[in-house]
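K.L.:
Got a predicted structure here, sequence first:
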Amino acid sequence: MSTRKIWLLVSLTLVVFILCLVALPTFETILINFPEILLGQVSLARETKPLYPRDFASEDFLLNRVDPSEIERAEYIALRKDALFWESDYVGFARTALSREEIFTLQQILSTGNLFHRSADGESYQCITRDTSQEPALEPCSQGKQYMDQYLAYQREAEQTDAVGVLQFTLKDGRLAEIRVFPAERGLAYTPYEKSGEWWLDGISCPSPLLNDLSARATLAPIPVLWPELSAGRANARAARMLGNRYNAALVVLRESSAVREVFGEILELRPALGTNNYSSWMDSTSIFLTLRVTGTRGEGTVIIQGYECFDLEMVFEGALFEDGQGYFCP
């Protein structure tokens, strides 16, 4: 074989190798996100995919359809305020693990409370009836309005005293029971988190000192990141290849945000955290949702940022929730 042919073969091999390296993120993206990618859903990793409605067993937990032996682990997460959009990862909030005795006690408290459902018209109510010979069922009840008034009063007090929390029970089959709790001096309000269902329940019960103990015990831990073996720059580059150029646009918004600098100080590092990180495109709707670890001169915390052409963000620093105060920002 002539020298020219050898060099041509080597050059072609090198070109193919480079093309394979360039295409690698695409193969990785397809592998991680199949079959969701067919519907325009892309996540950075399997661990960062949002949970499906079928993955929740929150109402089953309240209705005593979950045996405590089915629970693999449980945590209390101290939110302080009612935090939307952070479920179910709650990256950056203080938390504590629950013992078997605490799991059993909490299930008894929550399942024996008054569970009720307010209809779409906001006027009529149904309550869960517990006949041991039958499955729990919703029936019209005259106490519903009273229960709702108590629920709102407890919720308001918990917000004012920074007592809002979340109970999470991970089952051995992978499902999650998540209960938002609002402890107050006069009682406890709570709501199971579900993405779909035939009804939406709220509950009230007697106050429990156990929740105060759990809140006092909750501690902060280092924020877990995706691909810890990579530098922040390489991790961000990998994320941008998988999610598209809006990933970098979101980073620009964070770096230019005066609210972020006010909370974290000067930003030293941004990188994907181990939480929801995905891109969604369906028909005429496109959005990106990111969970990022932010390290600044004042310390580290978490930011969630969502949008596409414009972005909205919230922050958690030292376990406390902060908003940017701007609403949607369009770079």
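P.N.:
On my side now, so go ahead. Since this is a predicted model, take the numbers as computed values, not measurements. Numbering: from 1, shown residues only.

K.L.:
and whichever helix or strand residue 290 is part of, which residues are buried?
P.N.:
Residue 290 belongs to strand 285-296 when elements are defined using DSSP states H and E. By neighbour count on 16 or more other Cβ atoms under 10 Å, the buried set for strand 285-296 is 288, 289, 290, 291, 292, 293, 294, 295, 296. Heads up, the C-betas are built off the backbone N, CA and C, glycines and all.

K.L.:
Next: stretch 259-266.
P.N.:
Buried residues in stretch 259-266 (16+ other Cβ under 10 Å): 259, 260, 261, 263, 264.

K.L.:
Now do the same for the first one: helix, strand or coil?
P.N.:
Each residue gets one of three states, and residue 259 gets helix by DSSP: H, G, I helix; E, B strand; the rest coil.

K.L.:
Let me see the contact set for the spatially closest residue to it that is not a sequence neighbour.
P.N.:
In space, and not counting its chain neighbours, residue 259 is closest to residue 324: 3.9 Å by Cβ to Cβ, 6 or more residues apart in numbering. Taking Cβ atoms under 8 Å, 6 or more residues apart in numbering, we find residue 324 in contact with 257, 259, 260, 312, 313, 314, 315.

K.L.:
farthest pair in those?
P.N.:
Between any two of the contacts of residue 324, the greatest separation by Cβ to Cβ is 12.8 Å, found for 260 and 312.

K.L.:
residue ranges with poor pLDDT in this protein?
P.N.:
Counting by pLDDT under 70, the chain contains low-confidence residues at 1-28, 31, 33-34, 37-39, 131-134, 198-199, 283, 327, 329.

K.L.:
so which of the buried residues of stretch 259-266 would you say is closest to residue 278?
P.N.:
residue 260 (21.4 Å).

K.L.:
Residue 40 versus the closest residue to the closest one other than its chain neighbours, what's the distance?
P.N.:
Excluding the flanking residues, the one nearest residue 260 by Cβ to Cβ, 6+ apart is residue 254, at 5.5 Å. Relative to residue 40, residue 254 is positioned 25 Å away (Cβ to Cβ, to the nearest Å).

K.L.:
So which of these two has more stuff around it?
P.N.:
residue 254 (22 against 14; other Cβ atoms under 10 Å).

K.L.:
so what's that one up against?
P.N.:
Residue 254 touches 260, 267, 270, 292, 294, 303, 305, 313, counting by Cβ under 8 Å, 6+ apart.

K.L.:
quick one, what contacts the fifth one?
P.N.:
When contacts are counted by Cβ under 8 Å, 6+ apart, residue 294 is found next to 254, 260, 264, 267, 269, 270, 300, 301, 302, 303, 315.

K.L.:
again, but for residue 201
P.N.:
59, 62, 115, 116, 117, 128, 191, 192.

K.L.:
and with 7 Å instead?
P.N.:
59, 62, 115, 117, 192 (Cβ atoms under 7 Å, 6 or more residues apart in numbering).

K.L.:
Show me the beta-bridge partners of the fourth one.
P.N.:
Counting by DSSP bridges, residue 117 is bridged to residue 126.

K.L.:
likewise residue 181?
P.N.:
Beta-bridge partners, per DSSP bridges, of residue 181: residue 165, residue 190.
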